[in-house]
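# structure here, sequence nowhere to be found:
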């Protein structure tokens, strides 16, 4: 009987691991040529407008497998008056000041979910329960990148999120 109980417990644990968080961010790598990055001419690319739509901190692992996931939703709006459309661009996100225990932004250019002149980016990290979370206070630079590796001028925004927010 004891052996049967141990086998059942092991099977339950294996099944619970199979149901790990499967959220999808919709963010993907943007293909950029391997040539060295070059600053674009001012008339080619402009700085994007960036809005923090939401920051959701993890609530722990009490309810579901994704409860310890932190979520950051950003909206990048591409200005009018350039030859590029937002769907033809990638965006680089780089922390320029501040520190956090979390790796929020992947390296390289990224493509988000595009609608009109806007791209939405969802970034996720393992945040843990509020008692274990670290504050997030960062200044982040965002710039457009073309496929031939030209860089637009950056825009900066501040990300400020206390634990348990």
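That came through fine. Because the structure is predicted, anything quoted here is derived from the model rather than measured. Numbers count the residues shown, from 1 in each chain.

# residues near residue 127, how many?
As a burial measure, residue 127 scores 25 neighbours (other C-beta atoms under 10 Å). Heads up, the C-betas are built off the backbone N, CA and C, glycines and all.

# hey, where'd the helices end up in this protein?
In the chain, the helices defined using DSSP state H lie at 2-18.

# quick check, central residue of it?
In the chain, the centroid-proximal residue (C-alpha atoms, centre = their mean) is residue 123; its distance is 2.3 Å.

# ok, that residue touching residue 74?
Yes - using C-beta atoms under 8 Å, residue 123 makes contact with residue 74 at a distance of 7.3 Å.

# overlap in contacts of the two?
Taking C-beta atoms under 8 Å, 6 or more residues apart in numbering as the contact definition, residue 123 and residue 74 share the neighbouring residues residue 93.

# on that earlier part again, quick check: closest non-adjacent residue to the residue nearest to the centre of the chain.
Distance criterion C-beta to C-beta, 6 or more residues apart in numbering; nearest residue to residue 123, sequence neighbours excluded, is residue 72 at 4.4 Å.

# contacts only, for that neighbour.
Remark: with contacts taken as C-beta under 8 Å, 6+ apart, residue 72 is in contact with 52, 54, 55, 56, 104, 122, 123, 124, 159, 161.

# try 7 Å this time
Contacts here follow C-beta atoms under 7 Å, 6 or more residues apart in numbering; on that basis residue 72 touches 55, 104, 123.

# repeat that for residue 132.
When contacts are counted by C-beta under 7 Å, 6+ apart, residue 132 touches no other residue.

# residue 59 versus that one, what's the distance?
Noted for residue 132: a distance of 12 Å to residue 59, by C-beta to C-beta, to the nearest Å.

# any idea how many residues pack against residue 68?
A count of neighbours around residue 68, defined by other C-beta under 10 Å, yields 20.

# my guess is it contacts residue 56. True?
No - here residue 68 does not reach residue 56: they are 11.6 Å apart, not a contact under C-beta atoms under 7 Å.

# okay, now the unreliable bits of the chain?
Under the criterion pLDDT under 70, the flagged ranges of the chain are 1-20, 62-63.

# strands of that one, start to end?
Shown for the chain, the strands assigned by DSSP state E span residues 28-29, 38-39, 49-56, 69-77, 90-97, 110-111, 113-115, 118-126, 136-145, 150-151, 155-161.

# can I get the ones you listed in CSV with distance to residue 22?
What follows is these, written out as CSV (distance: least, C-beta to C-beta, whole Å):
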stretch, distance to residue 22
strand 28-29, 16
strand 38-39, 39
strand 49-56, 17
strand 69-77, 11
strand 90-97, 23
strand 110-111, 20
strand 113-115, 18
strand 118-126, 11
strand 136-145, 24
strand 150-151, 34
strand 155-161, 24
